[in-house]
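Trainee: Structure for the following, please:
(one chain, ligands or ions: 1)
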Amino acid sequence: MILHIDMDAFFASIEQAVNPRLKGKPLIVGSRDNKMHTVVCAASYEAKALGIDSGMPSFAAFKLCPKLEFVAADQSKYIWTSEEIFRLLKDYQFQLNYASIDEFQMDIKSHPQPQELANDIKSKIYKNFKITASIGVAKNWLLAKLASKLNKPNGITIITEENLLSVLKKTPAERLCGVGKSTTKIIHNLGLKTCLDLYQKDADFLEKNLGQNGLNLYVSLHSTDSFETDNQETKPKSVGHSYTLPRATKTPRFIQAWLRLLAEMVAQRLRQKNLISETIFLWLNGPEIGNFTAQKTFTQATNDGFEIYSRALKIMAQIGQESPKIRAFGITCSKLTTSSYPLLFNEQKRRGALTKAMDTINNRHGENTIFPAITIITKENL
Ligand SMILES: [Mg+2]
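Mentor: Numbering: from 1, shown residues only. This is a model prediction of the structure:
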């Protein structure tokens with residue numbers, strides 16, 4: 001059985017927990033600090049009750065409630081809390097998976113008392129962080145995730161073999177993860193309304209009408225004990241690339257171009273494996289500096305080439321020389337996790353979309369069909 005933990009109004013709840021003045025009040029967390037010109041990235045339950053929810057422009061939220069409390073998002077606070085919750089959950093010694101920054105999945109096998117276990121988890125989280133979670137338990141991740149949404153906030157829903165069909169019957173199909181607007185339209189046209197309607201269709205039917213999505217849906221609905229993402233055992237400990245030049249150089253733009261290229265190569269491999277990395281290890285070799293190695297761990301894990309490159313430059317600054325002569329470079333990323341945090345801020349979203357487009361083109365037309373312009377410098381003669 002999978003136990004799915006979904007934190008309630010996570011960012012807003014954290015802000016209310018750290019600032020008692022905000023408790024019990026309608027509150028929105030904005031992705032930028034200009035409160036009238038941003039987007040709601042989380043709303044407290046008091047705000048949700050007024051019809052305010054994430055994704056809404058903040059001015060529209062203020063229209064609904066002029067006295068709304070506002071806090072600009074503080075991502076490091078949320079990531080810290082998320083990681084602390086993950087640590088707390090690890091103590092239960094079940095196989096554990098990050099589903100998103102505020103969702104966690106545990107494979108509790110055939111635990112005899114899931115209700116007690118869920119209660120215990122909820123009260124531990126509350127005791128430590130003064131925020132609530134909703135928990136769902138079911139035979140697989142998709143149904144457990146669905147269950148976690150059925151009694152929000154601060155609820156527990158357990159889907160057993162006995163109540164499975166009745167729970168699915170009273171739940172609209174679009175509440176299932178993966179059933180978006182366009183899928184909903186198609187299945188409504190087919191006369192399917194509830195999760196049970198979907199559950200009772202066979203794989204061929206779903207594939208014929210919904211393509212690969214339909215097949216995935218069938219497998220996710222009927223499988224047992226699987227996690228949302230691949231299990232962590234098969235993931236590598238680190239991913240790295242290195243390169244040695246024909247001779248040493250001290251031209252900064254050349255060195256930067258090579259670091260950027262290595263960073264892009266490493267980032268691409270991380271993305272292929274659906275991994276993000278916290279720790280960057282930099283190795284440089286040159287006639288004056290000899291072997292320079294240093295590593296640094298950052299609070300926010302990444303698989304973005306530009307970000308890895310920027311972090312490598314920060315580490316390189318530790319050498320303390322203006323432009324050292326360099327012959328060889330290596331960048332290695334470690335402390336890898338399969339977690340995928342939502343991209344909160346516009347700049348990150350923009351970069352995320354760019355990276356995705358680059359990967360799509362390079363996967364279709366061959367590696368390095370498109371690449372960051374700076375790396376072209378690596379093709380120049382020294
Ligand atoms: Mg949540």
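Trainee: who touches stretch 178-186?
Mentor: With contact meaning Cβ atoms under 8 Å, 6 or more residues apart in numbering, stretch 178-186 is reached by 142, 173, 174, 187, 198, 209, 210, 213, 216, 217, 220. C-beta: built from backbone N, CA, C; applies to glycine.
Trainee: mean confidence score for it?
Mentor: Per-residue pLDDT over stretch 178-186 has a mean of 90.
Trainee: Could you pick out the buried ones from the contacts of stretch 178-186?
Mentor: Among those, those buried by neighbour count (16 or more other Cβ atoms under 10 Å) are 142, 173, 174, 187, 198, 209, 210, 213, 217, 220.
Trainee: Would you tell me which one of these comes nearest to the ion?
Mentor: Comparing the buried ones among the contacts of stretch 178-186 against the ion with Cβ to the ion places residue 142 closest, at 16.2 Å.
Trainee: Count residues in the vicinity of the residue of the stretch 101-250 of the chain found nearest the ion, would you?
Mentor: Using Cβ to the ion, the closest approach of the stretch 101-250 of the chain to the ion is made by residue 102 at 4.3 Å. Neighbourhood size, residue 102 [other Cβ atoms under 10 Å]: 24.
Trainee: Next: residue 321.
Mentor: For residue 321, the neighbour count with other Cβ under 10 Å is 13.
Trainee: Of the buried ones among the contacts of stretch 178-186, which one scores lowest on pLDDT?
Mentor: residue 213 (83).
Trainee: can you confirm it is in a helix?
Mentor: Yes. Counting by DSSP: H, G, I helix; E, B strand; the rest coil, residue 213 is located in a helix.
Trainee: Can you tell me the closest non-neighbouring residue to it?
Mentor: Closest residue to residue 213 apart from its sequence neighbours, by Cβ to Cβ, 6 or more residues apart in numbering: residue 183 at 6.6 Å.
Trainee: Next: residue 299.
Mentor: Residue 299's closest residue in space is residue 76 (Cβ to Cβ, 6+ apart), at 5.6 Å.
Trainee: One more: residue 315?
Mentor: Closest residue to residue 315 apart from its sequence neighbours, by Cβ to Cβ, 6+ apart: residue 282 at 4.5 Å.
Trainee: Could you list which residues are in contact with the one you found?
Mentor: Going by Cβ under 8 Å, 6+ apart, residue 282 touches 292, 293, 294, 295, 312, 315, 316, 329, 330, 331.
Trainee: can you pull the pLDDT of residue 294?
Mentor: 87.
Trainee: I meant to write residue 265 there.
Mentor: pLDDT, residue 265: 87.
Trainee: For it, which three-state class applies?
Mentor: The three-state assignment at residue 265 reads helix, by three-state DSSP.
Trainee: Let me see the contact set for it.
Mentor: residue 241.
Trainee: show me the contacts for residue 139.
Mentor: In this structure, residue 139 makes contact with 1, 2, 159, 161, 223, 224, 225, judged by Cβ under 8 Å, 6+ apart.
Trainee: These in strands, which ones?
Mentor: Judged by DSSP state E, the subset of those located in strands is residue 2.
Trainee: give me the element residue 205 is part of.
Mentor: helix 203-222 (DSSP states H and E).
Trainee: what does that helix contact?
Mentor: Outside helix 203-222, the residues that reach it (Cβ under 8 Å, 6+ apart) are 140-143, 176, 178-179, 183, 186-187, 190, 198-199, 201-202.
Trainee: Now for those residues: which two are most distant?
Mentor: 141 and 190 (25.0 Å; Cβ to Cβ).
Trainee: and the helix or strand bottoming out on mean pLDDT in the chain, C-alpha only, in CSV?
Mentor: None of the helices or strands of the chain scores lower by mean pLDDT, DSSP states H and E than helix 346-365, at a mean of 74. This file holds the C-alpha atoms of helix 346-365, laid out as CSV (Å, rounded to 0.1, in the frame of the first residue of the first chain):
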residue,chain,number,x,y,z
ASN,A,346,8.9,33.8,-13.4
GLU,A,347,12.6,33.7,-14.2
GLN,A,348,12.8,30.0,-13.2
LYS,A,349,9.7,29.2,-15.3
ARG,A,350,11.2,31.0,-18.3
ARG,A,351,14.4,29.1,-18.0
GLY,A,352,12.6,25.8,-17.3
ALA,A,353,10.6,26.2,-20.6
LEU,A,354,13.7,27.1,-22.5
THR,A,355,15.6,24.1,-21.2
LYS,A,356,12.7,21.8,-22.0
ALA,A,357,12.5,23.2,-25.6
MET,A,358,16.3,22.7,-26.0
ASP,A,359,16.0,19.1,-24.7
THR,A,360,13.2,18.3,-27.1
ILE,A,361,15.1,19.6,-30.1
ASN,A,362,18.3,17.9,-29.1
ASN,A,363,16.5,14.6,-28.5
ARG,A,364,14.9,14.7,-31.8
HIS,A,365,17.7,16.0,-34.0
